[in-house]
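[1] sequence? don't have it. structure:
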């Protein structure tokens, strides 16, 4: 099976879980609404301390605190959402059927873990914010170098933290131990071959591209007739819906891969050969 075929098979398996547990959509939706409310609540104090008299951003102690609080809240809601989705998927993989309330109750019982990882994520976000500011101040070649470094660092961080939430959900590990395990799973399974496999990223790219083309086509059709709200409305609904869908799918997908890689269990309803192909382990790795 080729890379696209394997990606499509894994995507269908992931969406199969979502079809059985449609309440999964409620978690990112509620998380997004809470994030918007959090940002709105911080807009005025943030504007008050983040702008100097000439309208430029000043990176001082107060700005640092406000920015960190903003990042912490967003990271908390995001982590809480992933916890709920990952737990629901875990129960489905084990043959169970977690309700919305059960998943929320489980996550509420793990608030220290959620807050711990949110704090780490917010700190990392603050570091990236500092790098952005540093790049702007340096300008020229310095800005290019810092931006390249930040991009590579961001990619590494995203990759190595893929299985943090599933690790905390399955094992109850603290944030540091969960990050260590996530790193080990990556090293022993995907390793250098990760970039050769597309996963959900390829499917989501195709979906977003098609949505963009349809939205553009609607603009061409309705813009002259004063019905520009039609493509705008379609685009908003489509892209928000797609974002919710793939945010859930990514967490379900990562939870399934974690269960297979770290727990040595094939999730119920999934195909072991397809999962094995997704990992492309290095010789001598844990799946070899």
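    On my side now, so go ahead. Given the structure is predicted, the values throughout are model-derived calculations rather than measurements.

[2] what about the helices in the stretch 151-288 of the chain?
    164-171, 175-188, 200-222, 229-261, 272-279 (DSSP state H, counting those that start in this stretch).

[3] Return the most buried member of these.
    Ranked by mean neighbour count, the helices of the stretch 151-288 of the chain are led by helix 164-171 with a mean of 24 (mean count of other CB atoms under 10 Å). Just so you know, the C-beta spots here come from the backbone N, C-alpha and C atoms, and that holds for glycine as well.

[4] could the helices of the stretch 151-288 of the chain go into JSON lines alongside mean pLDDT?
    Converted to JSON lines, those look like this (pLDDT from 0 to 100):
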{"stretch": "helix 164-171", "mean pLDDT": "94"}
{"stretch": "helix 175-188", "mean pLDDT": "88"}
{"stretch": "helix 200-222", "mean pLDDT": "85"}
{"stretch": "helix 229-261", "mean pLDDT": "87"}
{"stretch": "helix 272-279", "mean pLDDT": "67"}
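
[5] Figure out which of the ones you listed is closest to residue 152.
    Smallest distance to residue 152 across these (CB to CB): 15.8 Å, for helix 175-188.

[6] name the helices or strands packed onto that closest one?
    Applying 3 or more CB pairs under 8 Å, 6 or more residues apart in numbering; DSSP states H and E, one finds that helix 175-188 makes contact with helix 111-138, helix 140-160, helix 164-171, helix 229-261.

[7] and residue 212, which of those is closest to it?
    helix 229-261 (8.1 Å).

[8] Measure how the closest one sits relative to helix 164-171, angle-wise.
    Using axes from the mean of the first three to the mean of the last three CA atoms, to 10 degrees, the inter-axis angle of helix 229-261 relative to helix 164-171 is 50 degrees.

[9] circling back to that earlier point, for the helices and strands packed on helix 175-188, give me a markdown table that also has distance to residue 215.
    Compiled in a markdown table, the helices and strands packed on helix 175-188 are given as follows (distance: least, CB to CB, whole Å):
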| stretch | distance to residue 215 |
| --- | --- |
| helix 111-138 | 30 |
| helix 140-160 | 27 |
| helix 164-171 | 32 |
| helix 229-261 | 4 |
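
[10] closest to residue 267 out of those helices?
    The closest of these to residue 267 is helix 229-261. By CB to CB, the value is 4.8 Å.

[11] how distant is that closest one from the center of its chain?
    On the basis of CA atoms, centre = their mean, to the nearest Å, helix 229-261 sits 10 Å off its chain's mean C-alpha point.

[12] ok so, going back, could you redo the helices of the stretch 151-288 of the chain as a markdown table and give each row distance to residue 9?
    Compiled in a markdown table, the helices of the stretch 151-288 of the chain are given as follows (distance: least, CB to CB, whole Å):
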| stretch | distance to residue 9 |
| --- | --- |
| helix 164-171 | 20 |
| helix 175-188 | 21 |
| helix 200-222 | 11 |
| helix 229-261 | 12 |
| helix 272-279 | 5 |
